[in-house]
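Participant: my questions are about this predicted structure, shown below with the sequence.
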Amino acid sequence: MSEGHFTGKLISVVITAAVCFLLTGCGSLSSEPLSSSDTRLYFDTSVTITIYDDDEIKREALLKGSFDICEKMEHILSARQEDSELYLLDHRDGGLSGNRSAQFSGAEITVSDELASCIRTGLEAGSLSNGEFDITILPVSSLWEFNGESSEIPADNEIRKALTHVDQNKVILTGNKLKFTDPDTMIDLGAVAKGYISGKIKEYLKAQGCEGAVINLGGNISTLGKKGDEPFTVGVRKPFSLRNDIAAKIILYDGCVISSGTYERCFTKNGKLYHHILSAKTGYPADTELSQVTLIGSDDILCDTLSTVFMLTGSEKAEKILETEEYDIKVIFTDNEGNMTLYDRKSGERQLSLGETLDLRYE
């Protein structure tokens with residue numbers, strides 16, 4: 001499928017807890033392979049990249065090249081960096097916020113290939129979700145803060161006013177040409193950018209002949225090749241638990257394991273949980289039966305995007321999307337009681353036990 005048919009080119013801005021994490025291995029007695037690793041901060045998110053290769057000079061060069069990509073993408077896709085392309089677009093002349101930029105004023109705006117790709121994928125995801133997911137949610141999401149006990153619920157009238165500017169049909173993208181029919185419509189790529197970035201890093205590493213790598217973008221885990229002679233083992237965190245409590249283990253070579261959950265950024269008021277996955281129809285946290293969705297596949301961008309879409313749509317509609325679009329993805333749905341269901345379009349669904357291992361290295 002072409003990019004325009006949502007093969008995926010789709011961060012939470014702040015990640016407070018890793019949802020997936022690399023485990024030490026599959027119990028092999030082989031010696032630890034040579035590796036180089038570094039952690040840096042981009043998009044207010046911890047990014048850790050590990051390269052496996054016998055050549056130390058090559059490892060260090062690949063690390064530098066990978067973080068150069070992160071640097072470039074931050075200048076394009078960051079919603080907070082005031083000189084980034086996305087920030088300037090959202091603060092164009094006529095936008096909601098102050099400090100408006102004249103750089104993107106006018107009826108038609110030309111954007112970079114990278115930004116156009118992410119916006120296009122976001123629009124396609126909105127169509128898949130029947131409007132629950134919408135990249136123009138920023139006027140609403142900017143009203144919400146998820147800082148634990150200090151968080152407050154925005155006034156209902158403020159939410160309703162902001163919702164009048166939330167509608168992806170107000171965004172018209174043709175190639176790299178962008179038009180807004182509402183000057184106060186703004187774009188939030190919170191469910192888009194991490195998958196796009198890790199996909200770009202993997203493209204670069206493959207082209208450079210990298211033997212093995214792990215990219216951890218704020219809890220999104222993407223793997224390439226092998227860890228020496230061994231596959232990678234990724235742990236999926238148990239929702240609302242201690243950070244290293246494992247709900248499931250995934251063994252794989254090339255692939256990604258990406259989760260979205262209601263426990264990542266949330267607060268409780270009067271006994272009710274408020275989480276960061278907002279419905280574009282109501283402006284409030286989605287009323288979902290799910291506490292977590294974990295996608296396992298080969299396309300980082302697609303998996304990252306659909307993890308949010310499926311949290312919004314629920315498992316039944318998510319399975320229909322997977323069947324209709326024929327995506328080669330496995331999904332672990334975790335409901336609010338902690339029950340886990342593994343769905344595979346080819347083999348249907350089955351219940352998972354807590355801590356179960358899925359060996360996908362040969363699939």
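Facilitator: The structure has been received and is ready for your questions.

Participant: can you tell me the SS state at the closest residue to Asp304 other than its chain neighbours?
Facilitator: In this structure, Asp304 finds its nearest non-sequential neighbour in Gly195, 2.8 Å apart by Cβ to Cβ, 6 or more residues apart in numbering. For glycine as for every other residue, the C-beta is placed from the backbone atoms N, C-alpha and C. Following DSSP: H, G, I helix; E, B strand; the rest coil, Gly195 is assigned to helix.

Participant: list the contacts of Gly195.
Facilitator: Gly8, Leu10, Asn220, Cys256, Ile258, Asp300, Ile301, Leu302, Cys303, Asp304, Thr305 (Cβ atoms under 8 Å, 6 or more residues apart in numbering).

Participant: how about the residues you listed in CSV, adding secondary structure?
Facilitator: Formatted as CSV, the contacts of Gly195 follow (three-state DSSP):
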residue, secondary structure
Gly8, coil
Leu10, coil
Asn220, strand
Cys256, strand
Ile258, strand
Asp300, helix
Ile301, helix
Leu302, helix
Cys303, helix
Asp304, helix
Thr305, helix
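
Participant: which pLDDT does the model give the residue nearest to Asp304?
Facilitator: Gly195 is assigned a pLDDT of 96 by the prediction.

Participant: before we move on, what about Lys170?
Facilitator: pLDDT, read off for Lys170, is 96.

Participant: next one: phi and psi at it?
Facilitator: Main-chain torsions, Lys170, degrees, to the nearest 10: phi -80, psi 0.

Participant: can I get stretch 217-224 in PDB? Just the C-alpha atoms.
Facilitator: Output of stretch 217-224 as PDB, limited to C-alpha atoms (Å, rounded to 0.1, in the frame of the first residue of the first chain):
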ATOM      1  CA  LEU A 217      11.600   6.200  22.200                       C
ATOM      2  CA  GLY A 218       9.900   6.900  25.500                       C
ATOM      3  CA  GLY A 219       8.800   3.300  25.900                       C
ATOM      4  CA  ASN A 220       8.200   2.500  22.200                       C
ATOM      5  CA  ILE A 221      10.600  -0.300  21.400                       C
ATOM      6  CA  SER A 222      11.800  -1.000  17.900                       C
ATOM      7  CA  THR A 223      14.400  -3.700  17.100                       C
ATOM      8  CA  LEU A 224      16.600  -4.400  14.100                       C
END
